[in-house]
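Student: Okay, here's the prediction I keep looking at, along with the sequence it came from:
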Amino acid sequence: MVNLSEKTFISQDMDPNWAYYYIGGATLGARYLLDLMPAKTPVFAPESIIGFLSNPLNATKALLGARWTVVSKSPVTGGLNDANCGGSFGPALRKTGFDAAFFKGIADRPVYLLIDDGKPELHDASDLWGKTTSDSEEALRAELGDNISIAQIGPAGERLSNMAAIINDAHRAAGRGGSGAVMGSKKLKAVVCRGGSAKIPVKDDAALVAINKKSIDYGKPGNDGSGDHQTTFRKYGTSADYLSCVTMGDSPVKNWLGASLVDITEEMAYALHGPTMDPEHNVARISCSTCNVRCAAYYKLDSGKHKTDRATRPEYESLGAFGSALLNSCPDTTILLNWLCNQYGYDTISFGSTIAWAMECYEKGIITLEELDGIDLKWGDTGAIVAVAERMCANEGIGKTLNLASQGAAEKLGKGFECLVVASGIELPFHSSIYNPGFARTYQHDATPGRHVKGGRGLPFGHSPPEIKYNFEDTGEADAAGLLGWAMTDSCGFCGFGNFMLPPQTCFEMLKAVTGFDYTKEQLVQFSQRAYTLRYAFNLREGFSREDYTISDRAVGKPAMEEGPLKGVTVDNEKLADNFFGFLGWDVETAFPPLSVLQKTEGLDCIIDFLYPAQKENIK
């Protein structure tokens, strides 16, 4: 624990039971927050905690095992926030000898934490404050050498934007929920890891090597993992899915108001398709630590005053944010907006969605030309889109209001609420919960709303026939079963893409090889429900109830769309939630777990302590 106010450090060993019950990632992070941060602590108060967690697969030989996690309270929702990220930072943190770093207090001036091969030190970061992520990284490398990995905020986090992300490797983002603003409130510019001689324990190295070999063989031509989608994904990453997602109605169009192939054409979507953009813009493939897929790429950018060969290929979510959601089909504009978000430290999903919200408000006369600083913000107008984005990055004029994100901007202006598409105040990911109704429950009722990687019936369910996916009866069992995959990948530090790029069960096998934890099927189910319950209980402690988890009507087809592939579809989101909580055995009306249910799952005594304080003596 780093106390930024007092400039002190306290190190402690992790409880082995915590490692077994919570593993890592968002689950372990939530457990620490419950222990370290008093209930109902204001998000920007000195007592508020933000934590950076490496995960069990980090810094081992495990392929695709580089994901790390940040946890805090969210300035957007007021509840739990967790976000994870790839790149080099998680493994680098673990190599310094620490599995996690938690922060409380507020520094008296901008600082960064340097963990120098096991030794933590706070350094003055006043000269970095206000710099973009690339400029900060360059300055830190000049000062400390190249053997460093940096998780940092850009100007967005410094000014406490609700869209502020935490950036590592200057282009990978722990983006959702405003974690960067929590760092900024503490005047914490960066966490820097240097060196790293710590020996990372692996229970069965030979087994891990064998799993890696099987995984590599799986992707070779002629084997089970050699399908066309895998081959395409390795070359273009998630950008390869943009065209199909737009054409089948999965992507947002005109702030979720428009219809696929009605308001946006296939030709417009094709222009931003990864295979279309790559020949002109791709400079080099890049990857996270210990990844053989290498799904990302550096792109060259030559757009007016913005020139670089270290922009990155926009991922699918960013293409949705800067493409179909705005009716933009210009590759240069899309690459530029993605690069600006990386440089200034913004979550691309919320950034693009906020511009789309402003566009709709302008089209409907809710926001005036004068309020937009004279920018004629029409759908698909690349000059206007870039102008507004640059105002947001500069935090000037309308950009200052839009830095609050769409919900915050509507509240400040006192209008535009009817144009919001949010879950508990946060902008939605760019997979439609009308096309895939399984996401309606996940978006609305996860402890961190508005995430498509938090379990449930997931992406593949959206491709089911209408008679299956729009049947809202008896969905609870499948919804609850879907918690396990993402809870496990998140907690282990395993990339979710490994769930289809590597052989089935690879994540579980890797965890066993590294830790020796050999969970039974029943124990794995318990883990998934423990993970969900623990994270959800953080919000219960904050005073949340079921009615506090909201989702915009537009997101579930209320009213139903009149054109396009999703014409006439309305999702019964409340029924889906009833089914889910009912299957878990929770009180359906309040979404509150009964004591009897909590007692059936080991590792939840801490929740019983504050949800049922009078019943502690009943725990055996």
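Tutor: Cool, the structure landed.
Student: nearest residue to residue 441 other than its sequence neighbours?
Tutor: Using Cβ to Cβ, 6 or more residues apart in numbering and skipping the chain neighbours, the partner closest in space to residue 441 is residue 576 (4.3 Å). C-beta: built from backbone N, CA, C; applies to glycine.
Student: residues near that neighbour, how many?
Tutor: 26 (other Cβ atoms under 10 Å).
Student: The one 3 residues further on too?
Tutor: Other residues within reach of residue 579 by the criterion other Cβ under 10 Å amount to 22.
Student: Surely it and residue 478 touch.
Tutor: No: Residue 579 is beyond contact range of residue 478, at 9.2 Å (criterion: Cβ atoms under 8 Å).
Student: about what we covered before: you'd agree the residue nearest to residue 441 is up against residue 472?
Tutor: Yes: between residue 576 and residue 472 there is a contact under Cβ under 8 Å: 6.1 Å.
Student: Now for those two: what residues contact both?
Tutor: Common neighbours of residue 576 and residue 472 (criterion: Cβ atoms under 8 Å, 6 or more residues apart in numbering): residue 437.
Student: list the contacts for residue 327?
Tutor: Contacts of residue 327 (Cβ under 8 Å, 6+ apart): 253-254, 258, 263-264, 268, 379-380.
Student: If you could redo that for residue 198, that was the one I meant.
Tutor: Residues near residue 198 by Cβ under 8 Å, 6+ apart: 94-97, 117-118.
Student: Give me the phi and psi angles of residue 14.
Tutor: Residue 14 adopts backbone torsions of phi -80, psi 140, taken as degrees, to the nearest 10.
Student: what's the answer for the one 10 residues further on, then?
Tutor: Torsion angles at residue 24 (phi, psi; degrees, to the nearest 10) stand at phi 170, psi -160.
Student: ok, it - contacts?
Tutor: By Cβ under 8 Å, 6+ apart, residue 24 lies in contact with 53-56, 69, 99, 491-493.
Student: which ones among those are found in helices?
Tutor: Here DSSP state H is the test, and the contacts of residue 24 give 491-492 as lying in helices.
Student: pLDDT and distance to residue 107 for the contacts of residue 24 - can I get that in TSV?
Tutor: As requested, these are exported to TSV (pLDDT from 0 to 100; distance: Cβ to Cβ, whole Å):
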residue	pLDDT	distance to residue 107
53	98	21
54	97	23
55	97	27
56	97	31
69	98	23
99	96	23
491	97	30
492	97	33
493	97	29
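Student: so how far is stretch 372-392 from its chain's centroid?
Tutor: 26 Å (Cα atoms, centre = their mean, to the nearest Å).
Student: Out of the contacts of residue 198, list just those in helices.
Tutor: Using DSSP H, the subset of the contacts of residue 198 located in helices is 94-95.
Student: Among the contacts of residue 198, give me the pair with the biggest separation.
Tutor: Maximum pairwise distance among these (Cβ to Cβ): 12.2 Å, between 94 and 117.
Student: what is in contact with those two at once?
Tutor: Counting by Cβ under 8 Å, 6+ apart, the residues touching both residue 94 and residue 117 are 196, 198.
Student: Report whether the expected contact of residue 426 with residue 443 is present.
Tutor: No: counting by Cβ under 8 Å, residue 426 sits too far from residue 443 to count as a contact (9.2 Å).
Student: overlap in contacts of those two?
Tutor: Common neighbours of residue 426 and residue 443, using Cβ under 8 Å, 6+ apart, are 449-450.
Student: moving C-terminal of the helix or strand hosting residue 391, what's the next helix or strand?
Tutor: Per DSSP states H and E: residue 391 is located in helix 382-394. Counting by DSSP H and E, the next helix or strand C-terminal to helix 382-394 is helix 398-402.
Student: Show me what that next one is packed against.
Tutor: Here helix 398-402 touches helix 348-363, helix 382-394, helix 405-413, going by 3 or more Cβ pairs under 8 Å, 6 or more residues apart in numbering; DSSP states H and E.
Student: Tabulate the ones you listed in TSV, adding columns for distance to residue 587 and mean neighbour count.
Tutor: Below are the helices and strands packed on helix 398-402 laid out as TSV (distance: least, Cβ to Cβ, whole Å; neighbours: other Cβ atoms under 10 Å):
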stretch	distance to residue 587	mean neighbour count
helix 348-363	32	27
helix 382-394	42	20
helix 405-413	28	21
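Student: quick one, which of these is nearest to residue 141?
Tutor: helix 382-394 (23.2 Å).
Student: Please put the alpha-carbon coordinates of the closest one into PDB.
Tutor: Only the C-alpha atoms of helix 382-394 are listed here, as PDB (Å, rounded to 0.1, in the frame of the first residue of the first chain):
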ATOM      1  CA  THR A 382     -15.200  14.500 -40.600                       C
ATOM      2  CA  GLY A 383     -14.100  18.100 -40.200                       C
ATOM      3  CA  ALA A 384     -16.700  18.800 -37.600                       C
ATOM      4  CA  ILE A 385     -16.000  15.500 -35.800                       C
ATOM      5  CA  VAL A 386     -12.300  16.200 -35.600                       C
ATOM      6  CA  ALA A 387     -12.900  19.800 -34.400                       C
ATOM      7  CA  VAL A 388     -15.100  18.600 -31.500                       C
ATOM      8  CA  ALA A 389     -12.600  15.900 -30.600                       C
ATOM      9  CA  GLU A 390      -9.800  18.400 -30.500                       C
ATOM     10  CA  ARG A 391     -11.900  20.700 -28.300                       C
ATOM     11  CA  MET A 392     -12.400  17.700 -26.000                       C
ATOM     12  CA  CYS A 393      -8.600  17.000 -25.900                       C
ATOM     13  CA  ALA A 394      -7.900  20.600 -25.200                       C
END
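Student: Tell me what angle it forms with helix 348-363.
Tutor: With axes from the mean of the first three to the mean of the last three Cα atoms, to 10 degrees as the basis, helix 382-394 and helix 348-363 are set at 120 degrees to each other.
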